[in-house]
Each structure stands twice: as C-alpha cells, then as structure tokens.
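let's see this in three dimensions:
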Amino acid sequence: MALAQKGGPFTIKANLGADSVQKVMFVRYTLKTGQHIDTLQPVNGKLTIKGVVNEERQRDQLIVYTAHGTRSVVFYLQPGNITIDYSAEKNTYTLGGTTFNISLNRYNTMFRHLIDSLSAGKQVAANFQFSKEVQQHKFLVIKQFVLANPQSPVSIDVLDDFAIRSKEADMVQAVYDKLSPILKNSPSGIQLADRIKGMRAVGVGDMAPQFTIPDTVGKEVSLSDFKGKYVLVDFWATWCGPCVAEIPNLIKAHDKYKSKNFDIISISLDRPDSKEKWLNKIRETKMDWTQVSELKWWNGKSALLYNINSVPANFLIDPKGNIIAVNLRGEMLEKKLAEIL
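Reported below is the predicted structural model:
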C-alpha cells in the first residue's frame, strides 16, 4: 500500500441514514491548506460530495446533525470513489471504496468488536469507548492491527493517536518496530519516532532535547543559544484560552528575573493558517521575549521531542541544559524562580 497519495478528483457517496438528518458539516484540515468547513444539506439522508484533494494524506470528518443529536465519522480523503454508509441498527459507519478507507474500516471493525466484548451484558454510557477500561484494552487491538498490516499508513496513524495520550514509551516502541522500514522512514514514521523519544526524555533530571525553530521573522533560534542561562521553554497557542490567561504571569516573571540570568522561549503550536493570529497576539500582549513556531500544530519537531499532548506546558531548564521543573504556572513559577535566582 502506498504511503502517500497523488492529488486528484474524489467523489464521496454518503448514506447517512434517514432519521431526520438536518445538515452535515464537512471538516477538512491539512498543514498546507489549513482548515475548511463546508455546510451541506443531504437529501433523504444521502449526500454526494465531489472535489479535488492534494497529495497530503488527510483524515477528515463528517459531522451529522439529526433531530436526535449529532454523530460523526472520520475517513481518509483520497482520489477516487469513497463510500460511507451508516447503519442505524448498529449505530456504526462502514467505509469503503479507496485503499486507506478499506484499511481504516478493518481497524474500526476490530475496535468495535472490542467495545462489544467489554460492554456485553452491561449498561454503558454513550461515551464508553473513551473510558479508561476501553483505553487499557485498545492498545492490544492496535498491536494486532499493526502486526497484520505493517505497511498500511493506517497502522502508523492509529499507533500515533495512541502515543499522543500514552506514557508507555516501551510499549509504543515495541509495536513501532514491527512497522515496515518504508513506513518507519516516511515523514509520519519519523514524526512518531520523535514522539517516542519525547516520551522518554522530558522528565525532571533529563537533559532538555535540543531544537532549532524559526522566530517571527524567520531567523533560526536554537535552545543551545541560551546555554548558560535559566530558560523557561513555554509551549502555547493562540487558540488555547488557559495559555493566553497565563501570559500576564509570564510577563511578570520575565520582567522581574530577566536581569538575573533568566529568559523565556515561547513555542507556539499554531497552524500555518494562523500565522497572523500568532503575530497579532504577540503584539497585543506585549510579550517581548523570544517567540518561535514551526506552525505545524501538534506535529512540530519540538512538540514531539517534548511529548506535548496538551497546552499550556513548560519546562524550566538550568544553565547546564537539565530540566529542573515542569509545568510551572502562576505562583508556582514565581516561587521556583525566587528559590533558584
């Protein structure tokens, strides 16, 4: 199975059920083109969508609004004919038509079997699939799927999804090692390898992973440029409310300790289509320390190496490059800086 896709025309034929489907949101996102949301009106629960997709492998989403609530389906947007069929009896979607979607449907079927086995004879909540009980067993499904499909891009996508929320680096590594060499050497494979490194290397007492990232004018900034200083590596984003709320505390700490061998590097996890928002927020809040971003959302190399799966997140690094504290906010940051400076 090819890892990447060639751009080309696509047709989606979706049978979304006849239970009073009111509208459908077609949500698309790629790093190159940003986010696009289209509102569509199905006829008798059926929908045909035609367009052109670029070469990026992308998982998109249909959000279906009915008289009884909402439901959604994730699928791969590929050139060719894509089929999406909803079963009201089973409350599930069947994907087909293109290679990635056939493979994803195979994984979804395995995962549904897990849900059915764990919920048999029980009264479970609607969000049972996200419960701790299910997540503990989910990895076994992923492992089984990867072993059976070591060359499928779906394998690396589902493993990466699990790794984002996991702290079990050895478990993820063991399954990663079963992927085909071609898949491991692909951009997604290299990205997952960096994430696994980050799962192992960002605790207190570890050496801080090195990075080089462009600043607001495109100049490359490296962590090594700050060697000999105490530096707070701060991960944030303009779309993150708690991150923005924390900015006054960062300003206060920077103003108070910048003359005492302390500095801040703020790394934004904004997307390519949000660059102006990022620049405007810096100006608006008057953050006058180093601001950098790869503009790759969660997929920037620095976010992977520091195993960032939520923001705000920060790491206090000593002059020798060791991580001495993590996730210091508000009074905690002030207290730690007063202690060491």
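
alpha carbons only for contacts and neighbour counts from here, please
Will do.

direction included, what does the top strand by length along the chain pair against?
Under DSSP state E, the strand in the chain containing the largest number of residues is strand 21-30. Paired strands of strand 21-30, with direction, are strand 34-40 (antiparallel), strand 59-66 (antiparallel) (DSSP bridges).

show me where the protein has its helices.
For the chain, the helices defined by DSSP state H cover 99-119, 132-148, 153-164, 169-176, 181-184, 187-200, 241-257, 275-285, 301-305, 331-340.

show me what the shortest one is packed against.
If I follow you right, that is helix 181-184. Under the contact criterion of 3 or more Cα pairs under 8 Å, 6 or more residues apart in numbering; DSSP states H and E, helix 181-184 touches helix 187-200.

how about the helix it packs on: buried residues?
Ser188, Gly189, Gln191, Leu192, Ala193, Asp194, Arg195, Ile196, Lys197, Gly198, Met199, Arg200 (16 or more other Cα atoms under 10 Å).

cool, and stretch 176-184?
In stretch 176-184, counting by 16+ other Cα under 10 Å, buried: Tyr176, Lys178, Leu179, Ser180, Leu183, Lys184.

got it, and stretch 33-53?
Under the neighbour-count rule (16+ other Cα under 10 Å), stretch 33-53 has Leu40, Pro42, Gly45, Lys46, Leu47, Val53 buried.

what sits against the fifth one?
Pointing back at Leu47 there. By Cα atoms under 8 Å, 6 or more residues apart in numbering, Leu47 lies in contact with Ile12, Lys13, Ala14, Asn15, Leu16, Gln41.

and the pLDDT for the second one?
This points to Lys13. Looking at Lys13, its pLDDT stands at 97.

gap between it and Leu62?
12 Å (Cα to Cα, to the nearest Å).

so which of those two has more stuff around it?
Leu62 (22 against 17; other Cα atoms under 10 Å).

contact partners for the more buried one?
Neighbours of Leu62 in contact, by Cα under 8 Å, 6+ apart: Val24, Met25, Phe26, Val27, Ser72, Val73, Val74.

equivalent analysis for Arg28, please.
Arg28 touches Gln35, His36, Ile37, Arg59, Asp60, Gln61, counting by Cα under 8 Å, 6+ apart.

kindly recompute the last result at 6 Å.
Gln35, His36, Asp60 (Cα atoms under 6 Å, 6 or more residues apart in numbering).

need the residue closest to the centroid of the protein.
With distances taken as Cα atoms, centre = their mean, the residue of the chain nearest its centroid is Trp298 (4.8 Å).

let me know how buried the nearest residue to Ala88 once chain neighbours are set aside is, in neighbour terms.
Closest residue in space to Ala88, ignoring its immediate chain neighbours: Gly17 at 6.7 Å, by Cα to Cα, 6 or more residues apart in numbering. Using other Cα under 10 Å, Gly17 is surrounded by 17 other residues.

now Gly17: phi and psi?
Main-chain dihedrals, Gly17, degrees, to the nearest 10: phi 100, psi 160.

which residues touch the closest residue to Thr98 other than its chain neighbours?
Setting aside the residues directly before and after it, Thr98 is nearest to Ile82 in space (Cα to Cα, 6+ apart), at 6.0 Å. Going by Cα under 6 Å, 6+ apart, Ile82 touches Ile12, Gly96, Gly97, Thr98.

tell me the bridge partners for the residue nearest to the third one when sequence neighbours are not counted.
I take that to be Gly97. Spatially, and ignoring its direct neighbours in sequence, Gly97 is nearest to Ile82 (4.6 Å; Cα to Cα, 6+ apart). Beta bridges link Ile82 to Ile12, judged by DSSP bridges.

same question, the one 5 residues further on
Under the criterion DSSP bridges, Ser87 forms beta bridges with Thr92.

how many residues are close by it?
12.

just use 17 as the starting number from now, easier for me
Sure, I'll start numbering at 17, so the last one becomes Ser103.

quickly note the distance from it to Gln307.
For Ser103 relative to Gln307 (Cα to Cα), the value is 49 Å.

now Gly50
22 Å.

cool, and Ser326?
Ser326 sits 19 Å away from Gln307, going by Cα to Cα.
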